[in-house]
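In: Whatever this is, show me its structure:
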Amino acid sequence: MTSLCRVTTLATIFLVLGVGIVVVADQPDSKKQRAKAPVASKVFRDAVRKLDVVSRQSGYRVQCDVQGGLSKKADHKVWMYQVYEQHQGQVRGDLMYMPEMMIYRNPQKGAILIGEYWMPLFNDPAAERVQRIIAFPAQVLLDALSSKAKVEWIEPPEKIDINDPDYVEPMDAPLEPDEGGGTAVVEKKQPSYRRIRVEAGEKVAVHYFNQIQNSGLLGGSL
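Out: Residues are numbered from 1 along each chain as shown. Predicted structure coming up:
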């Protein structure tokens, strides 16, 4: 089960529970970038603190995609879906409002509008599931920051347009170095230092995994 969250304000954050966290950092100065690579752990710490400040001052919007099913890849990317849900919310501090379901919630509890009455989230199966599977992004990052997290720079995946006239099928692409017995010169690209991958400590990963497990989604039930 994978939960992907996009946060719109300071940074874009994709949360992959039990696997890692990807944070888009501020663009560093190009001259400084060439002189010395920014320290990933420091940039991550600064981004988390800034997001926490923004959360409490003006808030941010979040979109979460919950994907579950069969996976045969190392990064647990789902290729045959049994569960696919999309949710949007507005977060300010410890309060999240989810307009499509008329839910107000904090990390411990919340309420949903059913008809003309506000009911506890645990009175409604769909609302209870949301409470268990959608964590507050700022809190997830703070938890990761406090754990023994592995932080490293990564490059975003390149988007491929198969309708582009210059697109070449992988089997028809030029050979990589050491393929076919030949040699080639490969130009090393300058890292962009825009995206960080964070692998949270075991306790943090287990905590959020248990939240999803208790939601009932791992069994494919909705």
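In: C-alpha from now on. contacts and neighbour counts both.
Out: Will do.
In: Run a quick neighbour tally on Ala135.
Out: Around Ala135 there are 21 other residues, counting by other C-alpha atoms under 10 Å.
In: Can you classify the closest residue to it other than its chain neighbours as helix, strand or coil?
Out: Closest residue to Ala135 in three dimensions, ignoring its sequence neighbours and counting by C-alpha to C-alpha, 6 or more residues apart in numbering: Pro107, at 7.3 Å. Under the three-state scheme (DSSP: H, G, I helix; E, B strand; the rest coil), Pro107 adopts coil.
In: same question for stretch 74-85, mean pLDDT?
Out: Across stretch 74-85, pLDDT averages out at 78.
In: Would you mind listing the buried residues in that stretch?
Out: His76, Lys77, Val78, Gln82, Val83 (16 or more other C-alpha atoms under 10 Å).
In: Any stretches of this protein with poor pLDDT?
Out: 1-35, 157-191, 217-222 (pLDDT under 70).
In: ok, longest helix in this structure?
Out: Criterion DSSP state H: the longest helix present in the chain is helix 40-57.
In: CA atoms of that helix as CSV?
Out: Provided in CSV are the C-alpha atoms of helix 40-57 (Å, rounded to 0.1, in the frame of the first residue of the first chain):
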residue,chain,number,x,y,z
ALA,A,40,21.0,17.3,1.9
SER,A,41,20.2,16.8,5.6
LYS,A,42,20.5,20.5,6.3
VAL,A,43,18.2,21.4,3.4
PHE,A,44,15.7,18.9,4.5
ARG,A,45,15.8,20.2,8.1
ASP,A,46,15.2,23.7,6.9
ALA,A,47,12.4,22.7,4.6
VAL,A,48,10.6,20.8,7.4
ARG,A,49,10.9,23.8,9.7
LYS,A,50,9.6,26.2,7.1
LEU,A,51,6.7,24.0,6.3
ASP,A,52,5.8,23.8,10.0
VAL,A,53,5.8,27.6,10.2
VAL,A,54,3.7,28.0,7.1
SER,A,55,1.3,25.4,8.4
ARG,A,56,0.6,27.3,11.6
GLN,A,57,0.6,30.8,10.0
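In: Now do the helices in this structure.
Out: So, for the chain - with DSSP H - the helices run 30-35, 40-57, 125-133, 137-146, 202-213.
In: got those helices as a markdown table, with distance to Cys64 and mean neighbour count columns?
Out: As requested, the helices of the chain are exported to a markdown table (distance: least, C-alpha to C-alpha, whole Å; neighbours: other C-alpha atoms under 10 Å):
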| stretch | distance to Cys64 | mean neighbour count |
| --- | --- | --- |
| helix 30-35 | 32 | 10 |
| helix 40-57 | 17 | 17 |
| helix 125-133 | 10 | 19 |
| helix 137-146 | 10 | 19 |
| helix 202-213 | 14 | 16 |
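In: so which of those helices gets nearest Trp153?
Out: helix 40-57 (6.2 Å; C-alpha to C-alpha).
In: who touches the residue nearest to Ala135 in this structure?
Out: Residues near Pro107 by C-alpha atoms under 8 Å, 6 or more residues apart in numbering: Asp94, Leu95, Gln131, Ala135, Phe136.
In: what's the answer for Gly59, then?
Out: Gln90, Val91, Arg92, Gly93.
In: Mind checking which of the residues you listed are in strands?
Out: Gln90, Val91, Arg92 (DSSP state E).
In: Any idea what the last one is bridged to?
Out: Under DSSP bridges, the beta-bridge partners of Arg92 are Leu95.
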